[in-house]
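> Sequence and predicted model, in that order:
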Amino acid sequence: MGLGLDLKLPWDLPTDFQFFQDVTTKTSDPQKRNATIMGRKTWESTPPEICPLPGRLNVVLTKANSLNISNDDNVLVCSSMESALEILAAEPYSMSIERVFVLGGGDLLRDYMNAPSCDAIHLTEIDISVPCDSFAPRVDTCLYRPWYSSSPTMENGTRYSFNTYVRRKDPVVGGVGTEEYWFLPKMVFERHEEFGYLNLIQNVISNGDMSDNGTTLSKFGSQMRFNLRKTFPLLSTKKVFWLGVVEEILQLIRCSTNLKKKGMWDNDGASEYLDSQEFSQVADMINKIKDSTNDRKIMLSACNPLDLKLSIPPCQTLAQFYVANGELSCQIYQSSIEASLGVPFSIAAYSLLTCIIAHVCDLVAGDFIHVIGEAYVNTADVKTIQKQLQISPKPFPILKINPEKTKIESFEDSDLELLLHKER
């Protein structure tokens with residue numbers, strides 16, 4: 001949680017600086033601006049070419065009387081955080097300020113980052129080991145939950161990611177839509193990964209190709225990406241049968257392909273063929289991940305083993321796993337899938353499989369990429385989908401895996417705990 005050394009940043013990340021500029025400057029109302037609150041040392045360490053920060057009201061906290069600040073309508077000097085917030089809440093600032101950001105330094109962040117008045121935390125996590133003499137407190141996960149976390153990126157040899165945490169809000173009994181995140185900047189709000197799915201179904205119902213019999217709408221060629229490092233992509237605008245997701249993946253792990261037991265097949269030939277299967281794709285994948293992390297052909301064909309014997313069309317789902325930087329990522333291709341119910345289920349199922357395999361291989365779950373050939377919806381469901389599109393996403397839940405389980409074949413549903421957004 002280092003902030004800097006000798007009032008300077010120990011890293012050179014132009015993209016991070018641009019993100020900071022955009023988040024703290026942009027407003028939804030063009031007639032308003034944002035305020036940035038900073039301590040005296042942070043003010044004095046700001047490069048002269050951008051001091052005061054342009055396009056924002058710069059609020060400097062200091063008890064000193066000799067602060068060298070010329071008369072500037074973009075600068076406001078206050079003696080304390082309390083007096084600054086009181087002034088900003090009164091006219092004329094209450095009519096002209098949209099959001100208030102606290103920038104630092106370390107003392108301010110320690111006192112106010114986890115304070116009740118803080119709605120959100122925008123944090124760039126930088127994966128570098130350097131000396132620092134100023135620090136921020138860690139995010140209190142009892143108070144905040146991740147809203148958005150970017151996949152790590154490299155710049156000037158440094159790996160980093162953007163993260164936004166939002167304060168937990170207690171639901172109102174009998175309330176509807178009690179959790180709103182209007183306080184987030186628009187560019188951050190729209191980075192919630194569920195919008196990737198919502199944009200998909202919007203595109204299908206708005207621009208999809210109608211089937212000959214008029215019962216479905218479809219679009220060809222879609223991709224979505226979900227970051228599994230901090231949260232689990234169980235969609236919040238659509239109910240997903242979580243216990244069904246768990247059972248589906250545990251059956252896949254156990255190679256539970258004996259459809260005869262389900263009453264779906266009752267001929268002896270099918271039963272004999274199923275009983276002859278001894279090769280486990282999942283076990284083979286785990287061996288490759290553990291022993292050959294550079295293997296670029298770690299594949300899983302999630303089809304019924306009866307397909308080849310019974311001349312059923314090719315497999316609907318093909319998954320590929322990838323290891324890099326101590327992380328396991330997964331990309332699946334599904335040739336055709338119903339977008340309203342099938343896609344949310346598949347996102348959760350294959351994300352869960354990725355997390356479990358990463359766990360037993362002592363890796364971190366990375367990215368899940370969902371590639372779809374034909375995404376379709378039934379025309380009878382269009383009105384329901386339109387209602388869904390009016391719902392704002394909530395923070396994704398967090399997946400907890402029993403740390404004592406190290407063998408994939410020993411997993412049970414009780415080893416997988418999903419911490420939903422309403423839980424403390």
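All right, it came through fine.
> Toward the C-terminus, what is the element adjacent to the strand of greatest length in the chain?
Using DSSP state E, we find that the single longest strand of the chain is strand 364-378. Downstream of strand 364-378, the next assigned helix or strand under DSSP states H and E is helix 382-388.
> so where is the stretch 201-350 of the chain shaky, pLDDT-wise?
Along the stretch 201-350 of the chain, segments meeting pLDDT under 70 span 255-279, 292-293, 295, 302-315.
> Sketch out the helices for it, chain order is fine.
Ranges of helices in the stretch 201-350 of the chain, per DSSP state H, counting those that start in this stretch, are 242-253, 268-275, 281-291, 306-310, 342-360.
> Give the buried residues for the third one.
So that's helix 281-291. Within helix 281-291, the residues that qualify as buried are 282, 285-286, 288-289, counting by 16 or more other Cβ atoms under 10 Å. Any C-beta I mention is one placed from the backbone N, CA and C, and that applies to glycine too.
> pLDDT averaged over stretch 388-408, what's the number?
The average pLDDT within stretch 388-408 is 93.
> quick one: that stretch to chain centroid distance?
The chain centre lies 10 Å from the centre of stretch 388-408; the measure is Cα atoms, centre = their mean, to the nearest Å.
> So which of the helices of the stretch 201-350 of the chain is nearest Asp16?
Checking the helices of the stretch 201-350 of the chain against Asp16 by Cβ to Cβ gives helix 342-360 as the closest, at 27.2 Å.
> which helices and strands does that closest one pack with?
Helix 342-360 is packed against helix 194-207, strand 216-227, helix 242-253, helix 281-291, strand 317-324, strand 327-338, strand 364-378, strand 398-401, with contacts defined by 3 or more Cβ pairs under 8 Å, 6 or more residues apart in numbering; DSSP states H and E.
> strands paired with the second one, and their directions?
Here strand 216-227 is paired, per DSSP bridges, with strand 209-210 (antiparallel), strand 364-378 (antiparallel).
> The longest one - what's its average pLDDT?
The one in question is strand 364-378. 95.
> Could you pull out the buried residues of that strand?
Buried residues in strand 364-378, defined by neighbour count with 16+ other Cβ under 10 Å: 365-372, 374-378.
> That one versus strand 327-338: what angle between them?
Taking axes from the mean of the first three to the mean of the last three Cα atoms, to 10 degrees, one finds strand 364-378 and strand 327-338 inclined to each other by 10 degrees.
> how far is strand 364-378 from where the chain is centred?
Between the centre of strand 364-378 and the centre of its chain there are 15 Å (Cα atoms, centre = their mean).
> closest one to Cys51 among the helices and strands packed on helix 342-360?
Nearest of the helices and strands packed on helix 342-360 to Cys51, taken as Cβ to Cβ: strand 216-227 at 34.7 Å.
> got the contact list for that closest one?
149-151, 193, 196-197, 200, 203-205, 207-211, 233, 347, 351, 366-379, 382 (Cβ atoms under 8 Å, 6 or more residues apart in numbering).
> Give me the angle between that strand and helix 194-207.
160 degrees.
> quick one on the thing from earlier: out of the strands paired with strand 216-227, the one nearest Ile128 is which?
Smallest distance to Ile128 across those (Cβ to Cβ): 17.3 Å, for strand 364-378.
> Only C-alpha atoms, please: export that closest one in CSV.
Below are the C-alpha coordinates for strand 364-378, written out as CSV (Å, rounded to 0.1, in the frame of the first residue of the first chain):
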residue,chain,number,x,y,z
VAL,A,364,-4.4,-17.7,-9.0
ALA,A,365,-7.5,-17.6,-11.1
GLY,A,366,-6.9,-15.1,-13.9
ASP,A,367,-9.3,-14.3,-16.7
PHE,A,368,-12.4,-16.1,-18.1
ILE,A,369,-13.1,-15.4,-21.8
HIS,A,370,-16.4,-16.5,-23.3
VAL,A,371,-16.5,-16.7,-27.1
ILE,A,372,-19.9,-17.5,-28.6
GLY,A,373,-20.7,-18.5,-32.2
GLU,A,374,-24.5,-18.0,-32.3
ALA,A,375,-26.1,-16.3,-29.3
TYR,A,376,-29.9,-16.4,-29.6
VAL,A,377,-33.0,-15.6,-27.6
ASN,A,378,-36.6,-16.7,-27.9
